[in-house]
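# sequence first, predicted coordinates after that:
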Amino acid sequence: MLAGMTLFHALVVLHVATGAVGLTAFWGPIVTKKGAQTHRKWGRAACYGFLGAGSLAIAMAFLSLYGSEFRHPEITDRALFDGLFGWMMLYLGTLTIGFVDYGLAVVKHSRDRRALRAARYQAVIAAVIATGAWCGFYGWKVGHPLMMLVAFIGIVAMMIQQRYIWRDSDPVRGTHVGEHFRALIGMGISAYTAFLSVGLIRLVPEHVFNPAIWAGPSVIGVSLILYFTVRGKKAAAPKPSGARPHPQ
């Protein structure tokens, strides 16, 4: 049991460290000029940080589910504990990795979208869908609707990605930029949800079932996606004849 506790606490420390890098660097690509060197540096830092945090979250989830230690005894509903700290964490970790993987891949294969149909990329998407489906089903069993909601959001996001990957006709040039942006915003949503609903709750366990904590990152992230999507469409719209472009 002592060895298990030591391993879990080591994973927590590493998870917090890598997550802090990702959560901080996440805002760099949003506020910097897209495509610039600074944008790419911040983006790489965020992606590497979230990849580490997501992988460690998966390991912590399995320890919470199958480890010998009885964690958070103040939570009397152990079925719901397994849902939040086990299956939910497993799903969010996988979802974070899935968003990072896809966000980087669409840029890498911007001229060959069909490369994303390879088993290596499809396996990651399938893992997200599988863990999301189980998270949603488990949330239904324990009566936690927000578990079902975040599972639904992630599965829909994977379906949107698959639509881009498997469509017959080639998309409009530059479409991959929007895919890249939405995936990395999704990466931030899943990571912040995991941090607030699982990491922060370790400090304030009385708020473990607070719906505002669970829903907050999704509301902010979706708002950012909508804002930048509308702004991008306005910028790409043809200008009236003789109109002067607005200064950036």
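Perfect, thanks for sending it.

# longest single helix anywhere in this protein?
Across the chain, the longest stretch assigned as helix under DSSP state H is helix 37-66.

# now that helix: average pLDDT?
Taken as a whole, helix 37-66 has a mean pLDDT of 88.

# do the same with stretch 169-187
77.

# run the chain-centre distance for it.
How far stretch 169-187 lies from its chain's middle: 15 Å, per Cα atoms, centre = their mean, to the nearest Å.

# as CSV, could you dump the C-alpha coordinates of it?
Written as CSV, here are the backbone C-alpha positions of stretch 169-187 (Å, rounded to 0.1, in the frame of the first residue of the first chain):
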residue,chain,number,x,y,z
SER,A,169,-14.2,16.1,-52.0
ASP,A,170,-11.1,18.1,-51.0
PRO,A,171,-12.0,20.9,-48.6
VAL,A,172,-11.4,24.5,-49.4
ARG,A,173,-7.8,25.5,-49.1
GLY,A,174,-6.9,26.5,-45.6
THR,A,175,-9.7,24.5,-43.9
HIS,A,176,-7.1,22.6,-42.0
VAL,A,177,-6.3,25.8,-40.1
GLY,A,178,-9.8,25.8,-38.6
GLU,A,179,-9.5,22.1,-37.8
HIS,A,180,-6.2,22.8,-36.1
PHE,A,181,-7.6,25.7,-34.1
ARG,A,182,-10.7,23.8,-32.9
ALA,A,183,-8.7,20.8,-31.9
LEU,A,184,-6.3,22.8,-29.8
ILE,A,185,-9.1,24.8,-28.2
GLY,A,186,-10.7,21.4,-27.4
MET,A,187,-7.4,20.3,-25.9
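
# what residues sit buried inside that stretch?
For stretch 169-187, a neighbour-count test (16 or more other Cβ atoms under 10 Å) marks His176, Gly178, Glu179, His180, Phe181, Arg182, Ala183, Leu184, Ile185, Gly186, Met187 as buried. C-beta here means a position set from N, CA and C on the backbone, and glycine is covered the same way.
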